[in-house]
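Chemist: predicted model, plus sequence, below.
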Amino acid sequence: MAELRLEHVYKTYKGNVEAVIDLNLSVRDGEFLALLGPSGCGKTSTLRMIVGLEEITKGKIYIGERVVNNLEPKDRNVALAFETYALYPPLTIRENISFCLRAKNISSEKIERKVNDVASMLGIEDILDRKPGEIGGGQKQRVSLARALVRDPEVLLLDEPLSHLDAAQRAHMRTELKRLHAEIRRTTILVTHDQLEAVAMAERIAVMNFGVLQQVGTFDEVYLNPANEFVAGFVGEPPMNFLICEPKSEGDDLFLIGLDGSFRLKLIPKLRMKVLEKKPKTIKLGIRPIHIEISKTPGQNGKLELPANVFTFEFLGEEGQVVAKVGQQEVLAMTPPSMRLTMNENIWLQMHTEFTYLFDGETGVSLLY
Amino acid sequence: MQTIRRRFRSILGDLFLLSYFLFALFPILWMFLISFKKTEELYTTTFFFHPTTENYRIITIGESYVQGTGTFRPDFPKYFLNSIIQSSAAVLVSLIVGVPAAYAFARFKFKGKEDLAFTFLSFRFAPEFTVLIPLAILYRKIGLYNTYYGIIWVFQLITLPLLIWVMRGYFEDISPEIEQAAMTDGYSWWQVFWKIMLPIVKPGLAASALLAFVFAWNNFIFPLILGGAEVQTVTVSALSFLSSEQAYYNRMAAACVIASIPEIVLALSIQRYLIRGLSFGAVKG
Amino acid sequence: MAKVKLENITKTFGNVVAVNNLSLEIEDGEFMVLLGPSGAGKTTTLKLISGNETPEKGLIYIGNRIVNPLEPQQRNVAMAFESYALYPHFTVYENLAFPLKAPGRNYSTQQIDNRVKEVAELLNITPLLSRAPAHLSGGQRQRVSLGRALVRDPDILLLDEPISHLDAKLRHRMRAEFKAISSRIKTTILYVTHDYLEAMSLPDRVAIIDHGTLHQVGSPEDVFRRPANIFVASLLGQPKINLIKCRISTEDGKICFTGLNGGVRLLTNDYIRDRVLKTNLDHVIIGIRPFNMIPVDEVHENETIISGKVYVYERLGTRGILTFSVENQNFDLITPISMDFKIDAPVNVKIDVNEIMIFDPTTEKNIFID
Amino acid sequence: MSSGNTSEQINTKIVRPPILVRMRPYLIIAPALLMLIGILYPFGMGVYYSFTSYRLTRPVPTFIGLGNYIAMIKDPGFLHSTYVTFAYAIGATVIELTLGMIVALLLDRESLLSKILQTTLIFPMMIAPVIGTLLWKLMMQPSVGILKPALALIGIHGVEWAADPKTALPSVILIDIWIYTPFAALLLLAGLRALPREPFEAARVDGASLWFTLRNLTFPMLTPIIIIVVLFRFMDSLKMFDVIYAMTGGGPGDTLMTYQLKAYYNSFMYMNLSAGLPYTIVLWAVIYFVSQQLVKYWSKAQRRAAGYN
């Protein structure tokens, strides 16, 4: 069991493609951290540097107190469950799991016991003598986990563990992985592009984009006060809407004027103070689809409100989904199952004030920090 | 992370690789070398000599010289032409007959398909004399002995199985849905074959045709048995250099160099598709 | 534009029955979705209509013409394939123009050019026209495949899982976009998918099939509110509908369902009582949709409550999914994001009794549908 | 056609596709079928003649049953001929496979050297085998050849190569190896490059040594291609004619008289066709049987390499 620390880690591939830029990240002992970001954001390169499958261009990686930069993967006492499971096709499941033990010529009774323990923990005792080709996706996932855990690693790394499973298996494995971590309390890093997985399983989430760490925090920190526009747009499904507008103060009130005058919003004191302090030229108003209430008549109860026009409406069983146009900009919102909207009907989007976010138009940095 | 042991192992590996390629390439280089040696210097020098192109001149323009029992005009260009005509004609026939058959094997289901395909493959492995001996009799009876048609026909044993199996692999790589889409778009199966299937497999088709050409060109046993003087190929003629008392090794080397140039060029041009051709589509290069 | 009728169609591959005595009618100009899990015979049904597959039994009518003996090119059907099946050696422009150049269709080169440009505009792939398919992203390939089917005016437009291979974000956007486009396409459309969201949002009617047999045909709302059987009910909605096997008993004139050996007791209203009495069953399977179950802190007496233990709680962006177990059977319910639950903590869940569905345990049929 | 009546009543004429569509596969394959018959006919003739006595000098086939086959077995040189045929085939195949595997593994390391050398790997095989043999014959020539001085440099003298019965077989096997090792190396290299990368990274993370990975992972996953190399090389070297004929014509004496050479000499030198045929037909039977077994084993190995039982 060990803490994992990355200090000023860089990874530059041939033709100076900067995959990871000045990454500082520490994962507490026994913590479940998710490394979340779109494909090509450097999360896989980071994972491969920790495991030792990629050279570290600059910076240090500590596991516990040891610097592991120059250690072979096998000497780092880390284990990796591959995205494509990477099982050994010609070997049986038992041989797959015991591969690393046999490579270190440990006694065969000890190997037998360790394999059976980890197999029962993951519920795959009955397929130990089958071949990788003959088992399903969920089972393959468990075998690759068993192979990682049988070595009793200090750090367990999961590379997009659920991306090749179908929806039902994915939901099931999410709960299994969460319970497994609760059982083994091993420092675990989950690399994924699917924010549902990260949110559902990990205690803390590190969001990366273009090789740069955007924000690290629990789900609430990352979801409820995102550090910048990217994190706000990436975490949360369906993604946050952004409306480009400009601040204009009239007397001691501050208004946000929508692109081409499509809307005028009076800011509440808390937000006005932040805007006056940071003085951004343009602002992106962020609002999540679930924090928008649709009303067919202009409201009076002083909530922040945007006039809009229905572009498409979809009835989806448990809820509805509407894409409305505020001037030229599109806003996606959810509707209760009973509501029905028709093409280019006029509606008013009422926003919960405590869930409206403001970002600097140029830098995308949140103004609420 | 390059440990000492790993670097030592890679040097050892490179050494072994160099020695293998020395073993593989030196003979070709040496052949090329002595094809420029004068006859006098043949026995006295090894690497340092006055290069001359007389050997190439003699075997190409041709010159009669006394050789034991009679004059012998090694008109090498004629043999070279024979090889080109016979090999390319054989490949052409196989293309016309084999490619549609390969398409049928790849796409259609009909009785006895796999046995038929396997019979074609078994021709490739059958010892040549099982068919050469009967053909020797048959050809003399129906006058195909020592004719282009005879050789082109027997070359089918080499070119047809190769083209059928390799092209079958290429056709099977194309998703059936592309054909279904084209037919749904309003084209009959023939137009789909002509406008969609053939253009897609064109590179593979060209490569396997060239490979079939090389195998036909390199064949020695068929023209030896079924071909007389008129249709002699380069491979059969190369041997005749040795039978003369005054062994003109340098001229033989020159003949070998000229005989090998087409293959080397072809091999380089179809590098990417070689694997498939060599393994009859069993290994996807 | 034409009506499509399948009459007792059966198609087998070896000993696998892909389509089993299927009869289905799609009205002229109607947008119908064929929904079913993978391997249900959806794609085979499309290929039977397009002519790429031939049925062993049954008749296929397009308009009022029997088309069984006709080859695909004689049926004036357009199809967008699940694997997109673009012609790799043609540019996007040539892919779109290819159907218009087919024999028997005399379009002038000018007409072809206009038509291709018009469809490219509709699907905003105009900048891609000179590219080769290999250099397109998944979303772009999907649009070109759709464009190739839309470029002519076929009797029927067949779409095979057009957007299921895109990543989640792009899929949501493409679904909304397709909704906008479909209103402007004036032809009979048969759209195949395994994603129930597409079946809910896009078509006039949904046909649900599994193992080649038709379970139900109806409007999206009709199929969602009144599923014909348990299979249809569990196919629509994520997470799946919760099913509880219950014994029927009468208590002072009211019907009471008791299940999970006492774990749940539901007193029903009169409408349900009359229906249940008519079926004279002693056991039923009741179905409760996750959004009809609400976790509560205090318990009032006239509410129906199930109490269990939290198995696991997952917060998924817009909402939480609580999985709780009663008598080691797991149930899922949807919660607002703000709630939080600890593993193995006790939880009381209120059920909206009027929204429950009732199925016959043997035939699995919905007892409200006769 | 009112849709009232059931589909069975509508006779199948309307429903079944026209004759031309149903016969389409056979029409396409017709030319190849004709060619097949044209090739099978001589094979049939060959088998028939092997049961008759037929000499070019007296071309009248008279039926003598197994006479030719018995004559073949009684031939004093038959045992030696069998030995040299199979020794040549097994020797060439085993060495080519091993050498090919080593070269393939080394080339797969993507070092600069392997990139340069790889393009020339195919050359020896592209040259006609008979010309390749002449080349080596030239090199082995004591007077003009390069091998004599080269070997003298490292202190080896008096190697007679194909002239000496003791070293004749190794010499022709050496030439076969020179020509066909590229075949094994290229196919195995393609096989190595087609293997999935992740299992080998997993093996590295699992701390497996090079040999342990080779034995447990690489070789089992390469078995299908190894079988294909064995199939092609063993079959071809069993019926090798060009190299031996061009090198020594079967000599010195009868040392290199394989079945093919026996068939050639009996049929075309001594004009006794039906004496030559049994050799080649027995060889064909052996090849057909062995290739059937190998193909069966290949499909099983392919399943195992892909992770099935």
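Modeler: Great, that's in hand.

Chemist: grab the longest helix from chain A for me.
Modeler: helix A:167-184 (DSSP state H).

Chemist: flag the shaky bits of chain D, pLDDT-wise.
Modeler: Judged by pLDDT under 70, chain D has its weakly predicted residues at D:1-14, D:56.

Chemist: looking at it, A:Arg130 is touching A:Ile93, isn't it?
Modeler: Yes: under the criterion of C-beta atoms under 8 Å, A:Arg130 makes contact with A:Ile93 at 5.7 Å. Glycine gets a C-beta too; all of them are placed from N, C-alpha and C.

Chemist: the more surrounded of those two?
Modeler: When A:Arg130 and A:Ile93 are compared for neighbours, A:Ile93 comes out ahead with 27 against 18, by other C-beta atoms under 10 Å in any protein chain shown.

Chemist: could you list which residues are in contact with the more buried one?
Modeler: A:Leu87, A:Ile124, A:Ile127, A:Leu128, A:Asp129, A:Arg130, A:Lys131, A:Pro132, A:Ile135, A:Val143 (C-beta atoms under 8 Å, 6 or more residues apart in numbering or on different chains).

Chemist: try 7 Å this time
Modeler: Each residue near A:Ile93 by C-beta atoms under 7 Å, 6 or more residues apart in numbering or on different chains is listed here: A:Ile124, A:Ile127, A:Leu128, A:Arg130, A:Val143.

Chemist: just D:Met125 next, same as before
Modeler: Contacts of D:Met125 (C-beta under 7 Å, 6+ apart): D:Ile179, D:Tyr180, D:Pro182, D:Phe183.

Chemist: what about the residue lying closest to it once chain neighbours are set aside, neighbour count?
Modeler: In this structure, D:Met125 finds its nearest non-sequential neighbour in D:Pro182, 4.5 Å apart by C-beta to C-beta, 6 or more residues apart in numbering or on different chains. Residues lying near D:Pro182 (other C-beta under 10 Å) number 24.

Chemist: hang on, the earlier thing: among the contacts of A:Ile93, which ones are in strands?
Modeler: Applying DSSP state E to these, no entry is found in strands.

Chemist: which ones among the residues you listed are found in helices?
Modeler: Per DSSP H, the contacts of A:Ile93 map to helices at A:Val143.

Chemist: need the contacts of A:Ile93 in JSON lines (columns: distance to B:Glu179 and pLDDT).
Modeler: Listed next are the contacts of A:Ile93 as JSON lines, based on distance: C-beta to C-beta, whole Å; pLDDT from 0 to 100:
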{"residue": "A:Ile124", "distance to B:Glu179": "42", "pLDDT": "90"}
{"residue": "A:Ile127", "distance to B:Glu179": "39", "pLDDT": "91"}
{"residue": "A:Leu128", "distance to B:Glu179": "44", "pLDDT": "93"}
{"residue": "A:Arg130", "distance to B:Glu179": "37", "pLDDT": "92"}
{"residue": "A:Val143", "distance to B:Glu179": "39", "pLDDT": "93"}
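
Chemist: buried subset of the contacts of A:Ile93, written for PyMOL?
Modeler: Selecting only the buried entries of those in PyMOL, with 16 or more other C-beta atoms under 10 Å in any protein chain shown as the criterion:
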select buried, chain A and resi 124+127+128+130+143
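
Chemist: which one of the contacts of A:Ile93 is nearest chain D?
Modeler: A:Arg130 (7.6 Å; C-beta to the nearest C-beta).

Chemist: that closest one and A:Thr92: what is the separation?
Modeler: 7 Å (C-beta to C-beta, to the nearest Å).

Chemist: same question, C:His135
Modeler: 43 Å.

Chemist: between these two, which one's more packed in?
Modeler: A:Thr92 (18 against 10).

Chemist: test my guess that the more buried one contacts A:Asp129.
Modeler: Yes: here A:Thr92 reaches A:Asp129: they are 5.5 Å apart, a contact under C-beta atoms under 7 Å.

Chemist: where are the low-confidence patches of the chain?
Modeler: Let's take chain A. Using pLDDT under 70, chain A drops low at A:1, A:300-303.

Chemist: switch to chain C, please.
Modeler: C:169, C:316-318.

Chemist: run through the residues of it sitting next to chain A.
Modeler: Residues of chain C lying close to chain A (C-beta under 7 Å from any C-beta of the partner chain) are C:168-169, C:172, C:175-176, C:179-180, C:197, C:200-201, C:220-221, C:224, C:236-237, C:291, C:312, C:314-318, C:323, C:343.

Chemist: same check on chain D?
Modeler: Residues of chain D lying close to chain A by C-beta under 7 Å from any C-beta are D:198-199, D:201-202, D:204-209, D:212, D:216-217, D:220-221, D:304-309.

Chemist: of those, buried ones?
Modeler: D:198-199, D:201-202, D:204-208, D:212, D:216-217, D:220-221, D:304-305, D:307.

Chemist: for the chain, just list every one of the helices.
Modeler: No chain in the question, so chain A it is. A:43-51, A:93-103, A:108-121, A:137-149, A:167-184, A:195-201, A:219-224, A:229-234, A:269-278.

Chemist: my bad, chain B
Modeler: Under DSSP H, chain B gives helices at B:4-34, B:54-61, B:76-107, B:113-125, B:129-142, B:148-173, B:176-184, B:189-192, B:198-218, B:221-226, B:234-243, B:249-269, B:274-278.
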